[in-house]
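[1] take a look and give me a structure for this.
(one chain, ligands or ions: 1)
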Amino acid sequence: MKAHAAAGTEGTENEKHGTVGAVALDAAGHLAAATSTGGYTNKPDGRVGDSPVIGAGTYARDGVCAVSGTGKGEFFIRYVVGHEIASRIAYQGQDLSTAASGVVDGDLAPHKIGAGLVAVDAEGAVCAPYNTPGMFRGWVTSEGKAFVATHETIYEVAL
Ligand code: ASP
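    Alright, predicted model coming up:
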């Protein structure tokens with residue numbers, strides 16, 4: 001069971017965030033992204049984070065990529081992270097992994113926030129860069145192979 005920070009205290013990165021994101025490329029070639037979050041512990045009343053802001057914490061564009069992010073939403077909004085990754089692919093010809101890591105390890109890095117994302121491109125390539133010690137993630141390929149990981153090691157699992 002996950003620990004939660006007591007009201008009025010600073011939580012760890014793990015305690016502060018509980019976001020679940022999903023991206024998909026379907027058999028017809030359409031891309032989709034979804035993000036569910038409670039924001040973070042002790043967030044300001046009325047705050048709207050990045051998850052419902054299309055282009056920031058959640059974004060999909062057919063033919064390019066789908067992105068779902070987690071981390072301090074104010075910065076995902078500032079850098080319009082999902083759209084930024086799609087733009088680097090569409091306009092600069094970067095591959096998914098380069099574009100996504102470029103935003104997480106480049107644009108977001110100076111702000112020293114925990115950040116991560118899951119992404120899939122129009123060819124079905126997936127990536128999940130993060131700058132925290134670990135990030136729970138998993139994916140299924142079009143061949144029906146499933147993988148999970150929390151840190152660097154990737155495990156293939158039976159479906
Ligand atoms: N991105 C979310 C927000 O800022 C929080 C999170 O992903 O942990 O609302």
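[2] tell me the buried residues in the helix ranked longest in the chain?
    For the chain, the helix that runs over the most residues, judged by DSSP state H, is helix 81-92. For helix 81-92, the buried set under the neighbour-count rule, 16 or more other C-beta atoms under 10 Å, comprises Val81, Gly82, His83, Glu84, Ile85, Ala86, Ser87, Arg88, Ile89. All C-beta spots, glycine's among them, are computed from the backbone N, C-alpha and C.
[3] now that helix - C-alpha only, CSV.
    Taking only C-alpha atoms (Å, rounded to 0.1, in the frame of the first residue of the first chain), the coordinates of helix 81-92 have been written out as CSV:
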residue,chain,number,x,y,z
VAL,A,81,5.4,19.2,-23.1
GLY,A,82,3.1,16.9,-25.1
HIS,A,83,2.9,19.3,-28.0
GLU,A,84,6.6,20.2,-27.8
ILE,A,85,7.5,16.5,-28.3
ALA,A,86,5.1,16.2,-31.2
SER,A,87,6.5,19.3,-32.8
ARG,A,88,10.1,18.1,-32.5
ILE,A,89,9.1,14.9,-34.3
ALA,A,90,6.9,16.6,-36.9
TYR,A,91,9.0,19.7,-37.7
GLN,A,92,12.5,18.6,-36.8
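[4] output the contacting helices and strands for the next helix or strand after that helix.
    Counting by DSSP states H and E, the next helix or strand C-terminal to helix 81-92 is helix 96-102. Applying 3 or more C-beta pairs under 8 Å, 6 or more residues apart in numbering; DSSP states H and E, we find helix 96-102 packed against strand 65-71, helix 81-92, strand 115-121, strand 126-127.
[5] quick one: average pLDDT of the second one?
    Mean pLDDT, computed over helix 81-92, is 98.
[6] and for the third one?
    Strand 115-121 shows a mean pLDDT of 98.
[7] give me the low-pLDDT residue ranges for the protein?
    For the chain, applying pLDDT under 70 flags the ranges 1-17.
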